[in-house]
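Asks: Got a predicted structure here, sequence first:
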Amino acid sequence: MRCPFCSAQDTRVIDTRLADEGDQVKRRRECSACKERFTTFETVELSLPRIIKRNGDRQSFDENKLRAGMQRALEKRPVQADAVEAALSRIKKTLQVKGDREIPALELGELVMKELRALDHVAFVRFASVYRSFQDVSEFTEMIENLQKHDE
């Protein structure tokens, strides 16, 4: 692996550990030329399905877009970044296990809502209000009542 500091080709692994619930390998490396140390992550590259949008357009799965949507819903909420990353990993794993080449955006949205419901109810309602295009306050009230019934 090329050193990100001096671009030398010769680096060596000095430590290897599992990360992200065993889905990644974290390697600590040292450059033989400049002696700088850096971390790399190795993951299995599996293809994720294309997303079929409501209007029929097809898009490649974009993890950054998914993360941004979840973070927008979780803004100013007391949720650890590690919990968000674990939720993203579970969503991706679910999609990979299904093995479908394409899935409707609605299905992906339901997976996100399931994870957000477990992480934070306020974030769940925020995401659901946009995802389900709430038109008035009664839809918020209904969603919150359903959440309360589910928790009891």
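Replies: Noted; the coordinates are in hand.
Asks: C-alpha only now, for contacts and for neighbours.
Replies: Noted.
Asks: Three-state assignment for the residue located most distally from the centre of the chain, please.
Replies: Distance from the C-alpha centroid of the chain peaks at Ala33, with 36.2 Å (Cα atoms, centre = their mean). Three-state call for Ala33 (DSSP: H, G, I helix; E, B strand; the rest coil): coil.
Asks: Any buried residues in stretch 59-78, and which?
Replies: Phe61, Leu66, Arg67, Met70, Gln71, Ala73, Leu74 (16 or more other Cα atoms under 10 Å).
Asks: got CSV for the residues you listed, with secondary structure too?
Replies: Shown next, in CSV, are the buried residues of stretch 59-78 (three-state DSSP):
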residue, secondary structure
Phe61, coil
Leu66, helix
Arg67, helix
Met70, helix
Gln71, helix
Ala73, helix
Leu74, coil
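Asks: farthest pair in the residues you listed?
Replies: Using Cα to Cα, the pair of these lying farthest apart is Phe61 and Leu74, separated by 20.9 Å.
Asks: out of the buried residues of stretch 59-78, who's nearest Thr141?
Replies: The nearest one, if we look at the buried residues of stretch 59-78 relative to Thr141 and count by Cα to Cα, is Ala73, at 17.9 Å.
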